[in-house]
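In: this is a predicted model, with the sequence first.
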Amino acid sequence: MLAALQARFGEAIEAAEQVGRELRLRVVPTSLVAVCRFCKAKGFSYPADITAVDTGRELRVVHRLVSLKANQQIVISVAVRRSGGSLPSLCGVYAGAEWPEREIYDLFGVRFEGHPDLRRILLTDDWQGHPLLKQST
Amino acid sequence: MTQSLLPTEHVVLNMGPQHPGIQGPLRLQLTLEGEVIVGCQPIIGYLHRGIEKIGEGLTYPQFIPYTDRLDWLSSASSNLAFVQAVEKLMGLEVPERARHLRVMLLELNRIASHLAFVANFANSLGATSAARYALRELIEDLFEMWTGARVTQSWIRIGGVAADLPEGFQECARQVCYLILQRLDEYERLLGGNRIFRARTEGIGILPPEVGVDHGCSGPTLRGSGVPFDVRRAEPYEVYDRLDFEIVTERSCDCLGRHQVRMEEMRQSLRIIEQCLDQMPEGEARASVPRTLRPPEGEAYGRVESPRGELGCYVVSDGGAQPVRVRIRAPSCYNLAALPRMVRGWKIGDVVAILGSIDIALGEVDR
């Protein structure tokens, strides 16, 4: 799978590492949707999880795609700017991306371009700030 | 003639956040055309406690009791998802006996959760007697005997379980399992054979398998649509790879199918518990673990099959005593996101049936 991805996307795959059943990738934001579409066509049709991690040094969005047939996982990390950062939405690829992306917007403030309904989901609509960012506490 | 002169418009109806057919605070904003649902928007967050954020301020063992409050119908699963991620980070070996004890506790939790499902589901369809029949209390007696708590057990710890079985537990467990197995047939006759129950569930709330997968649905919700995905088989943890049990699926994709998957799963869980009781080796119930845990820098994903589906816990460590990030991948959250698709075209009265059939826990939806 990694060879196929590298042949197709080349430089867009910044880093790759196989850990057990997980293939961990770092992908440039502009290629995210194309990479996910490619993975889905290769059987990674189950979006196990989409979330974000703020380590204090960087903010990244993490997509965990699973192939139920091959029993493999692809974990795609994409770096994003901490304040006012945005990424292309995966709602057009996976129906299950809608709520997790709303949650990332709610808690981390990342905007998803092309999301059909980008509103807060867990916090109230008039909430100020994004509590899971490190500098917010 | 008069009908064509009357203007028709959609009506918006709010169901919840407090509603007798919903187990927890959840609001459904329904758009209706007469009695038929043309739109549904679940509104969540009423129970949001910021558990993921709280986790960043606690040491690893301190976070375990918080996981109990995610899915309180099956607290052991949430305990394990987090503990498994930490153990993966640390490369910790869990003693063989502790693995068997964990599986036993998990499967008892699964039966307890599914029994609560049967009671709630039937109750929301008008069969109020089901709650009086359900035997969850008996399993909670077992939990109390072993862990001291009936619901929020916090019994799975990093390196094993908090303590071994008390004296006489195994006999009690066997008795309870025997009793439940007998009663499952009775429940099946009471509900599965009831015409009203079937009319309310059969062919209602269809979830096509490819739609379920695309939404990230899992557990009995997805298996009720014929997809044989179960984390216990896909990525076996503890001793599941050495136990004999079946992954139950139904092809009907409807409310009845999801109900039947859970009924049969309870029988499989009873088989697993029996095997654990028979095969459990002597030994330690917990590995020795340093008092202050500092997992090496890195990330790990704990993955457990909870009664509701794939329960994941993604933990990121920077080498310190507190996690940088604790993410809970709640199966209820993904299953609930597919609800609008499942209720569209059905009548208001079917909403409680369809919502009941995906058996969500609002604690883990809102976190």
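Out: Sure, I can see it. None of these values were measured; they are calculated from a predicted model.

In: residue ranges with poor pLDDT in the stretch 101-250 of chain B?
Out: B:134 (pLDDT under 70).

In: which residues in it form helices?
Out: For the stretch 101-250 of chain B, the helices defined by DSSP state H, counting those that start in this stretch cover B:130-133, B:136-147, B:169-187, B:195-201, B:209-214, B:220-223, B:231-234.

In: repeat for chain A
Out: Using DSSP state H, the helices assigned to chain A run over residues A:2-9, A:32-41, A:98-108.

In: of all those helices, which lies closest to chain B?
Out: helix A:98-108 (4.5 Å; CB to the nearest CB). Where C-beta positions appear, they are placed from N, C-alpha and C, glycine not excepted.

In: what does chain A put close to chain B?
Out: Proximity of chain A to chain B (CB under 8 Å from any CB of the partner chain) is limited to residues A:21-22, A:45-49, A:51, A:53-56, A:62, A:64, A:68, A:71, A:75, A:94-96, A:98-99, A:107, A:121-124, A:131-132.

In: from the helices of chain A, which stretch is densest packed?
Out: Most buried of the helices of chain A by mean neighbour count (mean count of other CB atoms under 10 Å in any protein chain shown) is helix A:98-108; its value is a mean of 23.

In: other SSEs contacting it?
Out: Counting contacts by 3 or more CB pairs under 8 Å, 6 or more residues apart in numbering or on different chains; DSSP states H and E, helix A:98-108 packs against strand A:46-54, strand A:111-113, helix B:331-337.

In: for the record, mean pLDDT for it?
Out: Across helix A:98-108, pLDDT averages out at 94.

In: can I get the one helix or strand residue B:313 maps to in CSV, CA atoms only?
Out: Assigned by DSSP states H and E, residue B:313 belongs to strand B:309-317. Extracted in CSV, the C-alpha atoms of strand B:309-317 (Å, rounded to 0.1, in the frame of the first residue of the first chain):
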residue,chain,number,x,y,z
GLY,B,309,-19.0,-1.1,18.9
GLU,B,310,-15.4,-0.1,18.3
LEU,B,311,-14.3,1.9,21.3
GLY,B,312,-10.9,3.5,20.7
CYS,B,313,-8.6,5.5,22.9
TYR,B,314,-5.8,7.5,21.3
VAL,B,315,-3.2,8.5,23.8
VAL,B,316,-0.2,10.8,23.0
SER,B,317,2.7,11.0,25.4
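
In: just the mean pLDDT for that strand, thanks.
Out: Across strand B:309-317, pLDDT averages out at 94.

In: quick check: mean pLDDT of the helix or strand following it?
Out: Sequence-wise, the next helix or strand downstream of strand B:309-317 (DSSP H and E) is strand B:325-329. For strand B:325-329, the mean pLDDT works out to 94.

In: which of the helices or strands spans residue B:354?
Out: Assigned by DSSP H and E, residue B:354 belongs to helix B:348-358.

In: on that earlier part again, and of the helices of chain A, who's closest to residue B:334?
Out: Minimum separation from residue B:334 across the helices of chain A (CB to CB) falls at helix A:98-108, 7.4 Å.

In: run through who's touching the closest one.
Out: For helix A:98-108, the external contacting residues (CB atoms under 8 Å, 6 or more residues apart in numbering or on different chains) are A:47, A:49-52, A:54, A:59, A:61, A:89-91, A:110-112, A:115-123, A:127, A:130-133, B:52, B:333-334, B:337.

In: switch the cut-off to 7 Å
Out: With contacts defined as CB atoms under 7 Å, 6 or more residues apart in numbering or on different chains, helix A:98-108 is touched by A:49-52, A:54, A:59, A:61, A:89, A:91, A:110-112, A:115, A:118-123, A:130-133, B:333, B:337.

In: check contacts around the closest residue to residue B:297 other than its chain neighbours.
Out: Closest residue in space to residue B:297, ignoring its immediate chain neighbours: residue B:319 at 4.4 Å, by CB to CB, 6 or more residues apart in numbering or on different chains. Applying CB under 7 Å, 6+ apart to residue B:319 gives the contacts B:294, B:296-297.

In: for residue B:5, same thing?
Out: By CB under 7 Å, 6+ apart, the contact list for residue B:5 is empty.

In: just the pLDDT for it.
Out: On pLDDT, residue B:5 comes in at 72.

In: measure it to chain A for me?
Out: From residue B:5 across to chain A, the span is 36 Å (CB to the nearest CB, to the nearest Å).

In: span of stretch A:86-102 from start to end?
Out: The first residue of stretch A:86-102 is 12 Å away from its last residue (CA to CA, to the nearest Å).

In: buried stuff in it?
Out: By 16 or more other CB atoms under 10 Å in any protein chain shown, the buried positions in stretch A:86-102 come out as A:87-91, A:93-102.

In: and stretch B:163-180, by the same measure?
Out: Using 16+ other CB under 10 Å as the test for burial, stretch B:163-180 gives B:164-165, B:172-173, B:176-177, B:180.

In: same question, stretch B:335-348
Out: B:335-343, B:346.

In: quick revisit: which of the contacts of residue B:319 are buried?
Out: Of these, not one counts as buried by 16+ other CB under 10 Å.

In: with respect to chain A, which of those residues is nearest?
Out: If you rank these by distance to chain A using CB to the nearest CB, residue B:297 comes first, at 9.9 Å.

In: that closest one contacts residue B:318, doesn't it?
Out: Yes. The pair residue B:297 and residue B:318 passes the contact test of CB atoms under 7 Å, sitting 5.5 Å apart.

In: so which residues on the stretch 51-200 of chain B come close to chain A?
Out: By CB under 7 Å from any CB of the partner chain, the part of the stretch 51-200 of chain B that sits against chain A consists of B:52-53.

In: taking the stretch 51-200 of chain B, what residue is nearest to chain A?
Out: For the stretch 51-200 of chain B, CB to the nearest CB, closest residue to chain A: residue B:53, 5.7 Å.

In: quick one: that residue is in a strand?
Out: No. Going by DSSP: H, G, I helix; E, B strand; the rest coil, the assignment for residue B:53 is helix, not a strand.

In: what about it, neighbour count?
Out: Counted with other CB atoms under 10 Å in any protein chain shown, the neighbours of residue B:53 add up to 16.

In: show me what contacts it?
Out: Contacts of residue B:53 (CB under 7 Å, 6+ apart): A:131-132.

In: which residues does the helix or strand bottoming out on mean pLDDT in chain A contact?
Out: Of all helical and strand segments in chain A, the minimum by mean pLDDT, DSSP states H and E falls on helix A:2-9, at a mean of 80. Outside helix A:2-9, the residues that touch it by CB under 7 Å, 6+ apart are A:13, A:16, A:23, A:31, A:35, A:38.
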